[in-house]
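Engineer: model the following, please.
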Amino acid sequence: MTEKELIEGIIKGDKIALKSFVSQYKDLVFRVCYSVVQNKDDADDLAQEVFIKAFHHATGFRNDAKISTWLYRIALNLSINFIKSKKKKSFVDFVDHIVFKSTEQAKPEVEQMDYENTQEKKYKILYNSIQQLPVNQQKAFLLHHQEGLSYYEIAEVMQTSHAAVESLIHRAKVGLKQKLIKELKKQNLFESYQ
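Structural biologist: Numbers count the residues shown, from 1 in each chain. Purely as a prediction, here's the structure:
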């Protein structure tokens, strides 16, 4: 089934098209949601919302775009809005919780624990720094570095120009570098980070 046929089938309420649509794009949608919220249950719920929204707005789909681009945009916006509206803790807190829980249970040797704690602090600083970036910089940065999209694909997802994406990612990198160095120095982790 072509993308055009898939959208036409969804608009008509064709169950085969609906199942094919979900089957074909569920992993992509989940990955995008999870990359923002960093919680499996929340990402599952958001992925369902993405498909519901896509089904209801299929008539507004522009045939000049790819379905994957359209779904990226919906998933990103819903996920970011979810974090804002629920005032969810950043996904660092999720990582933090998992790591501390596992180190408490495993009770590794002191040297290993020190290394893991240092690594955990670095991850926490990184993810906190990403969360402090302006929203469009976060989106562009995560789409490029976490999802592996090209600048052209990101421009399509974010409905902006290639030059704007380059600028967003450049500013995100500069901002992250400054934030990371400052925070790592503050916590005496800069030497071990290099």
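Engineer: select the longest helix from the protein.
Structural biologist: Longest helix of the chain, by residue count under DSSP state H: helix 162-186.
Engineer: name the helices or strands packed onto that helix?
Structural biologist: Judged by 3 or more CB pairs under 8 Å, 6 or more residues apart in numbering; DSSP states H and E, the packing partners of helix 162-186 are helix 110-132, helix 135-145, helix 151-158, helix 190-193. Every residue, glycine included, has its C-beta placed from N, CA and C.
Engineer: cutoff 6 Å now
Structural biologist: helix 110-132, helix 135-145, helix 151-158 (3 or more CB pairs under 6 Å, 6 or more residues apart in numbering; DSSP states H and E).
Engineer: show me what counts as buried in it.
Structural biologist: Buried residues in helix 162-186, counted by 16 or more other CB atoms under 10 Å: 164-165, 168-169, 171-172, 175-176, 179-180, 183-184.
Engineer: look up phi and psi at residue 40.
Structural biologist: phi -60, psi -50 (degrees, to the nearest 10).
Engineer: now residue 51. Nearest residue, chain neighbours left out?
Structural biologist: Leaving aside its sequence neighbours, residue 51 sits nearest to residue 22 (CB to CB, 6 or more residues apart in numbering; 5.8 Å).
Engineer: and that neighbour, how many neighbours?
Structural biologist: Applying other CB atoms under 10 Å, we find 16 residues neighbouring residue 22.
Engineer: could the buried residues of helix 162-186 be laid out in a markdown table, adding distance to residue 142 and pLDDT?
Structural biologist: Shown next, in a markdown table, are the buried residues of helix 162-186 (distance: CB to CB, whole Å; pLDDT from 0 to 100):
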| residue | distance to residue 142 | pLDDT |
| --- | --- | --- |
| 164 | 16 | 95 |
| 165 | 12 | 93 |
| 168 | 11 | 94 |
| 169 | 10 | 91 |
| 171 | 14 | 93 |
| 172 | 9 | 90 |
| 175 | 14 | 87 |
| 176 | 12 | 83 |
| 179 | 16 | 81 |
| 180 | 16 | 77 |
| 183 | 19 | 77 |
| 184 | 21 | 70 |
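Engineer: for those residues, which one is nearest residue 156?
Structural biologist: Distance to residue 156 across those (CB to CB) is lowest for residue 165, with 9.5 Å.
Engineer: ok, back up a step: angle of the longest helix of the chain against helix 151-158?
Structural biologist: Angle of helix 162-186 versus helix 151-158, following axes from the mean of the first three to the mean of the last three CA atoms, to 10 degrees, is 100 degrees.
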